[in-house]
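# Coordinates for the following, if possible.
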Amino acid sequence: MEEIFGRNGLIAHHHPDYEHRPGQLAMAQAVAEALDQRHHLLVEAGTGIGKTMAYLIPAIATGRRVIVSTGTKNLQEQIFYKDIPFLQSILPRKFKATYLKGRSNYVCLNRLKRAEASPVLDGLEEIDYFDLVNKWAYESQTGDRAELTELPEKVSFWRHIDARSDICVGQKCPSFEPCFITKARQAALESDIVIVNHALFFADLALRDKEWGQVLPDYSAVIFDEAHQIEDIAAQYFGASVSSYQIDDLLGDVLRMALTDVDASREITKATARVSSMADNFWLSFSGGDPRSSVATFDGEGRFVLRPDMFVRKQRNGEFEATPAGERFVNLKTALQRLKAALQVVKSAPPEMEATLRRVEQILFDLEFIVSADDELFVYWLERRGRGVFLQATPIDASGILNDRLFSHVETVVLTSATLTSAGSFDFIRSRLGVDQAAELIAEANYDYQEQSLLYLPPKMPDPRDAGFQRAAADEITRILNASQGRAFVLCTSYSQMKALREIVEFKVDFPILMQGEGSRSGVLDKFRSTPNAVLFATSSFWQGVDVRGEALSCVIIDKLPFAVPSDPVIGARQRYIDSHGGNSFNGYSVPSAIITLKQGLGRLIRSATDRGVLSILDPRIVTKGYGQQFLKSLPPSRITRKIEDVERFFAG
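All right, here's what the predicted structure looks like:
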């Protein structure tokens, strides 16, 4: 690895921005050893290490197929369109790489053909968009909707023509050969490096024991970049979910099937209408509008936890009786069973019948599992998104599943991120992900944090739970922004706090104020980069995966320590589970989780050896509480001050 990463190595001779980074060399050697000796590895690689090259080159050198999984689309694209071509041009060993997205990003040629004769459009304004997609689909080499830059993100008909796994009929499909999924899988089979995102990886892993829906070829090693996100994403795919959209889509696809069996078609039409009516009644149980019919009250995020007694009540005589919501569930279940029976007897059934029956069976199984809510290892909850209702069952602790399905089956798993440790230890991430045996490495960035950065902890701030915190925070933000001349991110732990602080601060400063939600994420970031002295108010989605280098971002202000909200059904369930099994959820879960999130937020600032800036945490608990020392110990070794005058001098110098 010295011959490649050293001062006179291969990269030094070919890369215009080469810097000798001891941490990069150490990481590359550790990854090469893990791949060679077939063991797992945890690497915290600070910003500026160059971790992508540090794992790609050893992966290519193995000659085995390696999956590289990222947390964000931006990193996926950087690896495939920038790093891979560079390595293909300089490495003596030739290799192939491919880039896969989730199946719903690709158009299904078979569904598209059927949609031409079916009513899938929401309005006349979508006709032109559909024609655009139709023309493009027969010219595209990839079928990836990202090529359609003019297509609105939320166009309604895409879900009727995408290639998601539950509608796939595989080799029975008349469009199997030209299918974009077939081509993508073939490209992956011919590749040494397959670049995916975490969602696709775990969606595929969840289907590994089934005969349908898989996209990824077999592999002996996987490298997770941005690995701090894995627990939450994996939990989604190893749980169960049923939504109102899912049932609507199923019924629409059933009615669009071309059936030659007239009697069966008549019965299916009746059964479909019955399911539609019973589903509408069932979702009313979660409307939240009518206290007589709704089973619970939603929180501010449109979520609540489901309990078995919402559907079944125990009477005084010990017998169980269905509640109104339970009766609606039984009616929906019966209607779905009738639809399944009608579909099973169709003569000369079309190829998609098998996939359709599988979808009905999966909805029946998942509904029963969620409504029963009798597995204590899961949390059962409901979420409203717009007009949609989503019932969810999420594993409370995914560590056992990950150990069984991933770490015990794959020879080498490399987990890397700028934020994997809490107070210098990997223990938290190990316990949450089920990593038993693994080598460890903390690869330090070669930045001079003492010179490049300053950590400002304002004095005399009230507790965040006090009524006066918001006003005091706004005053401090104003002072800091005047010192930094804008050029700042103000990262907030809630949407309401972000809006409130922005409304107060924008009248006190003369800098351009931007806010998350006033355009797409990438659009807001581009505007921030191109607007001198801009200030961006944002929440969780801007705490990670955002790269703004140079003077445009010279200050990051964080309002509160980012403790997860216990009212979130999954977070609350994890905390209760830890406490009920003899642990301490605050010290063992809440604090380490918040430390990793805080490190992600502060990591937005120093992105290169020439960046300079001020970090500020307004929450006084980092100083006043005992656990605050764990936060401070986990942060970059910046100089610390409690005087605003030091901030002013830093920017003046």
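# Phi first, then psi, for N105.
phi -80, psi -10 (degrees, to the nearest 10).
# Skip the chain neighbours and tell me the closest residue to G572.
Take G572 and drop its neighbours on the chain: the residue closest to it by Cβ to Cβ, 6 or more residues apart in numbering is P566, 4.9 Å away. In short, each C-beta sits where N, CA and C put it, glycine included.
# Look at that neighbour and give its secondary structure.
coil (DSSP: H, G, I helix; E, B strand; the rest coil).
# Find me the pLDDT at A341, would you?
We have a pLDDT of 96 for A341.
# go on, the one 5 residues further on?
Per-residue pLDDT puts V346 at 90.
# Please give the element, helix or strand, for the closest residue to it other than its chain neighbours.
Distances taken as Cβ to Cβ, 6+ apart place A264 nearest to V346, at 4.4 Å, with adjacent residues excluded. Following DSSP states H and E, one finds A264 within helix 262-284.
# which other helices and strands contact that helix?
For helix 262-284, the packing partners by 3 or more Cβ pairs under 8 Å, 6 or more residues apart in numbering; DSSP states H and E come out as helix 244-255, helix 324-344.
# what inclination does the helix or strand that comes right after the last one have with respect to helix 262-284?
From helix 324-344 onward toward the C-terminus, using DSSP H and E, the following helix or strand is helix 353-372. For helix 353-372 and helix 262-284, the angle between their directions (axes from the mean of the first three to the mean of the last three Cα atoms, to 10 degrees) works out to 30 degrees.
# which strands and helices sit next to helix 353-372?
strand 240-243, helix 244-255, helix 324-344, strand 388-395.
# Please identify the deepest-packed of those.
Burial of the helices and strands packed on helix 353-372 is given as mean neighbour count (mean count of other Cβ atoms under 10 Å); strand 388-395 ranks first at a mean of 21.
# partner strands of that one, parallel or antiparallel?
strand 240-243 (antiparallel), strand 378-385 (antiparallel) (DSSP bridges).
# Throw the ones you listed into a markdown table and include distance to A342 and mean pLDDT, thanks.
What follows is the strands paired with strand 388-395, written out as a markdown table (distance: least, Cβ to Cβ, whole Å; pLDDT from 0 to 100):
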| stretch | distance to A342 | mean pLDDT |
| --- | --- | --- |
| strand 240-243 | 20 | 95 |
| strand 378-385 | 29 | 91 |
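# among the ones you listed, which is nearest D166?
strand 240-243 (11.7 Å; Cβ to Cβ).
# which sections of the protein are below the confidence cut-off?
Residue ranges of the chain with pLDDT under 70: 119-120, 122-123, 209-213, 288-302, 545.
# How about the residue nearest in space to the middle of it, nearest residue that isn't a chain neighbour?
For the chain, the residue nearest the mean C-alpha position is I233 (5.8 Å; Cα atoms, centre = their mean). Once flanking residues are discounted, I233 sits nearest to H198: 4.5 Å by Cβ to Cβ, 6+ apart.
# for A438, same thing?
Closest residue to A438 apart from its sequence neighbours, by Cβ to Cβ, 6+ apart: H40 at 3.8 Å.
# just the helices in the stretch 401-550 of the chain please.
427-433, 449-452, 469-484, 495-505, 521-530 (DSSP state H, counting those that start in this stretch).
# Pipe those helices into JSON lines and attach distance to E321 and mean neighbour count per row.
Output for the helices of the stretch 401-550 of the chain, formatted as JSON lines (distance: least, Cβ to Cβ, whole Å; neighbours: other Cβ atoms under 10 Å):
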{"stretch": "helix 427-433", "distance to E321": "40", "mean neighbour count": "19"}
{"stretch": "helix 449-452", "distance to E321": "64", "mean neighbour count": "14"}
{"stretch": "helix 469-484", "distance to E321": "48", "mean neighbour count": "20"}
{"stretch": "helix 495-505", "distance to E321": "41", "mean neighbour count": "17"}
{"stretch": "helix 521-530", "distance to E321": "49", "mean neighbour count": "14"}
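# Of all those helices, which one is nearest K113?
helix 521-530 (32.8 Å).
# Can I get stretch 516-527 as CSV, trimmed to CA atoms?
This file holds the C-alpha atoms of stretch 516-527, laid out as CSV (Å, rounded to 0.1, in the frame of the first residue of the first chain):
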residue,chain,number,x,y,z
GLN,A,516,-34.4,24.1,4.6
GLY,A,517,-37.7,23.5,2.7
GLU,A,518,-37.5,26.6,0.6
GLY,A,519,-36.5,24.4,-2.4
SER,A,520,-34.9,21.1,-3.0
ARG,A,521,-32.0,20.1,-0.7
SER,A,522,-29.5,20.4,-3.5
GLY,A,523,-31.1,23.7,-4.7
VAL,A,524,-30.8,25.2,-1.3
LEU,A,525,-27.2,24.1,-1.0
ASP,A,526,-26.3,25.5,-4.4
LYS,A,527,-27.9,28.8,-3.5
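# Can you pull out the residues in contact with that stretch?
153, 498, 514-515, 534, 536-539, 541-542, 546, 548 (Cβ atoms under 8 Å, 6 or more residues apart in numbering).
# Just the buried subset of those residues, please.
Buried subset of those (neighbour count, 16 or more other Cβ atoms under 10 Å): M498, L514, M515, A534, L536, F537, A538, T539, F542, V546, V548.
# residue contacts, the second one?
With contact set as Cβ under 8 Å, 6+ apart, L514 has these partners: V524, K527, F528, T531, A534, V535, L536, F537.
# Next one: it from S494, what distance?
With distances taken as Cβ to Cβ, to the nearest Å, L514 is found 18 Å from S494.
# Same question for the fifth one.
To S494, L536 is 16 Å away according to Cβ to Cβ.
# Count the residues that sit near I606.
Using other Cβ atoms under 10 Å, I606 has 26 other residues around it.
# wait, it sits on S453?
Yes - with contact defined as Cβ atoms under 8 Å, I606 and S453 form a contacting pair (5.6 Å).
# Now for those two: what residues contact both?
With Cβ under 8 Å, 6+ apart as the test, I606 and S453 both reach G613, P636.
# Give me the contact list for stretch 351-359.
Contact partners of stretch 351-359, identified using Cβ under 8 Å, 6+ apart, comprise 110, 166-169, 172-174, 212, 250, 253-254, 257, 340, 343-344, 346.
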